[in-house]
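Participant: Next one to model:
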Amino acid sequence: MNPEATVVASFAEVRAALERALPAPTASFRPPASRDELQRLGKALGRPVPLELAALLTVANGQYDVAGASGSINYHRFLGVGEIIDMHQMLDAVVGDLSMSAPQPSSYTDLVWSPAWIPFLASDGDCYAIDMAPGEAGRVGQVLFRPNVPDLDEPKAPSLAALLQTVVEIIEAGDYEVSYNSIVSPRLL
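Facilitator: Numbers count the residues shown, from 1 in each chain. Reported below is the predicted structural model:
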């Protein structure tokens, strides 16, 4: 199965697992993104949309931001095209000047922010992002967790598909707690 098909299948498993795991399921996923929206995202990012992210967005264009509700995975919710653009631009404007190169070999090229990081899950300034320009020890498409006060750990997964599969494994193994209608697992931080 190609990586894009794996994302689509894994995301279907994530949605089904969330429905089983959460007391008040967050069935707040938006309809799929259009081709025009994906083109707008690529233009705003200044690079092609990663194929795995495009596959995810063509299944669900993020989750609705329900007032008072947490996102369904470690309090983070899936971002839609407009939110990805907004968060990417905000991080670039606010912390872009603070970024410094990571000493190599490293999984990352930067320590604080890189325009090559594309956020797709977020909560209160924290985000999970796809890294399109990794360091010498990294790989294109790896998923990183960028906390609001960045102190980067190793990548969380080698790809978006792998991260989604990890979420399914965590839910199926019961390796999480439910807090504020979100599955919470230290394996994802």
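Participant: So the nearest residue to A17 once chain neighbours are set aside, which state does it fall into?
Facilitator: Using Cβ to Cβ, 6 or more residues apart in numbering and skipping residues adjacent in sequence, the residue nearest A17 is I171, 4.0 Å away. Glycine gets a C-beta too; all of them are placed from N, C-alpha and C. Here I171 is helix, with the state taken from DSSP: H, G, I helix; E, B strand; the rest coil.
Participant: what sits against I171?
Facilitator: Shown here is I171, whose contacts under the criterion Cβ atoms under 8 Å, 6 or more residues apart in numbering are V14, A17, L18, R20, A21, I183.
Participant: how close does it get to G82?
Facilitator: Taking Cβ to Cβ, to the nearest Å as the criterion, I171 is separated from G82 by 28 Å.
Participant: Show me the shaky parts of the chain.
Facilitator: Counting by pLDDT under 70, the ranges of the chain that qualify are 23-27, 67-69.
Participant: just so I have it, where are all the strands in it?
Facilitator: Under the criterion DSSP state E, strands of the chain are mapped to 77-78, 117-123, 126-131, 142-146, 177-179, 182-184.
Participant: And for V7, the neighbour number?
Facilitator: Applying other Cβ atoms under 10 Å, we find 28 other residues in the vicinity of V7.
Participant: Turn the strands of the chain into TSV, including mean neighbour count and distance to E52.
Facilitator: Conversion of the strands of the chain to TSV gives the following (neighbours: other Cβ atoms under 10 Å; distance: least, Cβ to Cβ, whole Å):
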stretch	mean neighbour count	distance to E52
strand 77-78	24	13
strand 117-123	22	9
strand 126-131	23	7
strand 142-146	23	10
strand 177-179	11	27
strand 182-184	21	21
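Participant: just so I know, which of these lies nearest Q39?
Facilitator: strand 117-123 (15.1 Å; Cβ to Cβ).
Participant: In terms of secondary structure, what does the closest one contact?
Facilitator: Counting contacts by 3 or more Cβ pairs under 8 Å, 6 or more residues apart in numbering; DSSP states H and E, strand 117-123 packs against helix 51-57, strand 77-78, helix 81-95, strand 126-131, strand 142-146.
Participant: and the shortest one, how far from the chain's centre?
Facilitator: Averaging C-alpha coordinates over strand 77-78 and over its chain gives two centres that are 7 Å apart (Cα atoms, centre = their mean, to the nearest Å).
Participant: and what of the third one?
Facilitator: Distance, stretch centre to chain centre, for helix 81-95: 13 Å (Cα atoms, centre = their mean).
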